[in-house]
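Participant: sequence plus predicted model, see below.
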Amino acid sequence: SPAFEVKDFRLKTKLCGIPLDSPVGIAAGFDKNCEMLPSLSALGFGYLVGGTITVNPRTGNQRPRLVRLTDKESLINSLGFPNKGLDQVEKDLRSTVNIRGSRPLILSISGTSVTDMLTCHRRLEPLANAIEINISSPNTAGLRTFHDPSNLSHLLATLSEKRMKPLIVKLPPYPPGEKSDQVETADKVLNLVQICIREGVEAVTAANSRPVSEPTLAVGSGGLSGKLVFDSMIRMISDIKDEVADNMSINACGGIFTANDAWLALQAGATTVQLYTGMLYQGPSIAKDINQGLVNIMENSKHTLESL
C-alpha cells in the first residue's frame with residue numbers, strides 16, 4: 001500500500017552503486033524461499049534480501065527451533081537454513097519477476113563448499129541486483145570453513161571470475177562484553193574484511209546472529225538476534241568503517257527497531273540498515289516508522305545521509 005511509503009529525497013542513497021529510495025532493508029531469513037517479495041515490496045523498504053538459498057532443499061534443524069525473549073525483544077533461533085532449494089526458488093523468482101515491482105533485490109546464498117556457492121551464485125545472479133553470501137550462520141555445520149582466511153579468499157576469487165554484479169559478505173558477529181574482551185574475535189573479523197577488500201567485494205553485512213547456548217531448543221544452541229545484540233553491532237560497524245574507509249559499503253544488521261537505532265548505525269559508518277527481528281516485534285509498519293523518523297532526525301539535526 002502507498003500508505004507504507006515515505007518519499008523524501010533525503011532518504012535516497014546507494015548500496016554498491018545500486019540506487020535506493022531508503023537505507024532500510026529487510027534482512028535475509030525472513031523470506032527464505034522468496035515467496036513474499038511482491039508483498040514485502042509494498043512495505044516501504046528501500047531494498048529486500050531474499051533467502052538464504054542453498055543448492056539442495058533443506059528441512060532445517062529439529063523443532064523446537066525458535067525461542068522468543070519477549071521481555072528483551074530478542075529471539076534465539078536454530079532454524080538451519082530451511083528452504084525449498086535452488087531449483088524451486090529460481091523457478092518461483094522467474095515467475096514473479098513481473099509482479100514484484102522495481103524494489104532492488106539482493107539474494108542471500110550459502111553452502112559448505114565452493115562448488116555449492118558457485119552454483120547458487122551463477123544461477124541466481126541474473127535474477128538479483130546483488131548477491132549476499134552467508135558464511136556466518138551459527139546454525140549450519142560447515143560454514144566456519146569460510147572463516148579461514150585462505151578458504152574465504154579462494155571462495156571470493158572463484159565467485160569473482162565471471163560475476164557481473166555486486167557481491168556482499170555477511171560476517172560473523174562480535175561476542176558480548178566490553179571491547180577489550182572482543183580483541184581476538186575483532187581481529188579475526190577485520191582480517192576477513194581485509195580479504196573482502198582485496199578480492200574486490202563491494203559490501204559487507206555486519207552481522208549475523210550471535211551463537212548462544214539454549215537448552216530449550218532441540219539442538220541445544222542457536223543464534224541470538226534483536227535488541228540484545230545492538231550494542232556490539234554498533235561497535236562492529238565502527239571498527240569496520242575505520243578499516244575500510246570509503247572502499248566498501250557496510251550494512252548494519254542487529255537490533256534495529258527504531259529510527260534512532262538506524263541513525264546510530266548510520267552515524268557509526270553504515271551505508272544501510274537491515275532488520276528482521278524488529279519487524280516481528282514492531283509489525284509491518286516498521287520500515288515506514290523508521291523512514292519517517294530518519295526524515296525527522298535529519299530535519300532537526302540539519303544532517304543528511306551524505307554528510308555522515
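Facilitator: Noted; the coordinates are in hand.

Participant: how about the helix or strand hosting Thr185, which residues are buried there?
Facilitator: In the assignment (DSSP states H and E), Thr185 maps to helix 183-198. Neighbour-count burial for helix 183-198 flags 185-186, 189-190, 192-193, 195-196 (criterion: 16 or more other CB atoms under 10 Å). Using the backbone N, CA and C atoms, a C-beta is placed for each residue, glycine as well.

Participant: for that helix, which helices and strands make contact with it?
Facilitator: When contacts are defined as 3 or more CB pairs under 8 Å, 6 or more residues apart in numbering; DSSP states H and E, helix 183-198 sits against helix 149-160, helix 230-244.

Participant: roughly how far is it from the heart of the chain?
Facilitator: How far helix 183-198 lies from its chain's middle: 18 Å, per CA atoms, centre = their mean, to the nearest Å.

Participant: direction included, what does whichever helix or strand comes after it pair against?
Facilitator: As assigned by DSSP H and E, the chain's next helix or strand after helix 183-198 is strand 203-206. The strands beside strand 203-206 in its sheet (DSSP bridges) come out as strand 167-170 (parallel), strand 249-253 (parallel).

Participant: quick one: mean pLDDT for strand 203-206?
Facilitator: On average, the pLDDT along strand 203-206 is 98.

Participant: could I get the contacting residues of Ser1?
Facilitator: Contacts of Ser1 were listed using CB atoms under 8 Å, 6 or more residues apart in numbering, and they are Ala42.

Participant: give the buried residues for stretch 204-221.
Facilitator: Buried positions in stretch 204-221, judged by neighbour count with 16+ other CB under 10 Å: 204-212, 214, 217.

Participant: assign Gly222 to helix, strand or coil.
Facilitator: strand (DSSP: H, G, I helix; E, B strand; the rest coil).

Participant: how long is stretch 298-308 from one end to the other?
Facilitator: Taking CA to CA, to the nearest Å, stretch 298-308 runs 11 Å from one end to the other.

Participant: how near is the residue lying closest to Ile99 once chain neighbours are set aside to Gly51?
Facilitator: Nearest residue to Ile99, sequence neighbours excluded (CB to CB, 6 or more residues apart in numbering): Pro38, at 5.2 Å. In this view, Pro38 and Gly51 are 16 Å apart by CB to CB, to the nearest Å.

Participant: low-confidence ranges, the stretch 151-300 of the chain, go.
Facilitator: 177-182 (pLDDT under 70).
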